[in-house]
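Chemist: 3D, please:
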Amino acid sequence: MKAYLGSLEKLKTIVSGKAYPGHGPVIDDGKSRIIEYIRHRVQREEQVLEVLRSERQSSQNLEEQEHDSWDSMEIVKIIYWDVAETLHVPAQGGVMQILRKLQQEDKVFEHPLTKKWRIRNRATL
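Modeler: Here you go, the predicted model:
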């Protein structure tokens with residue numbers, strides 16, 4: 001994801017006028033579309049962080065009382081609540097890319113046993 005966003009930032013400075021993607025129709029205003037893609041990725045990243053910042057409802061089961069930990073599919077089900085469940089698995093791939101990017105930036109971490117994600121430092125995010 002970090003490389004993808006970096007590429008889009010570079011393209012944003014280079015492209016003017018039409019863009020000719022590898023598939024699909026010609027894009028009349030390439031720069032605007034690139035900016036749109038960047039905004040969308042930033043928006044999704046913020047949605048993931050918003051879920052990770054939120055508190056879970058308490059559970060009676062002690063094993064389930066991981067208030068600030070989320071698995072990737074739980075995040076998907078919140079962000080993509082209005083999308084057919086048949087598309088949740090593909091959406092999970094995108095969420096995982098975001099989580100890995102945030103992990104590289106030292107903003108989140110994944111518990112090695114539970115595979116659940118948490119904010120690294122709630123005070124700064």
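Chemist: where exactly do the strands run in the chain?
Modeler: Along the chain, counting by DSSP state E, strands occupy 108-110, 117-119.
Chemist: which one of those lies nearest to V51?
Modeler: Nearest of the strands of the chain to V51, taken as C-beta to C-beta: strand 117-119 at 9.1 Å. From N, CA and C alone the C-beta is placed, and that goes for glycine too.
Chemist: who does the closest one touch, helix- and strand-wise?
Modeler: helix 30-53, strand 108-110 (3 or more C-beta pairs under 8 Å, 6 or more residues apart in numbering; DSSP states H and E).
Chemist: TSV for these, including distance to W81, mean pLDDT and mean neighbour count?
Modeler: Formatted as TSV, those follow (distance: least, C-beta to C-beta, whole Å; pLDDT from 0 to 100; neighbours: other C-beta atoms under 10 Å):
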stretch	distance to W81	mean pLDDT	mean neighbour count
helix 30-53	11	94	15
strand 108-110	21	95	18
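Chemist: noted, bye for now.
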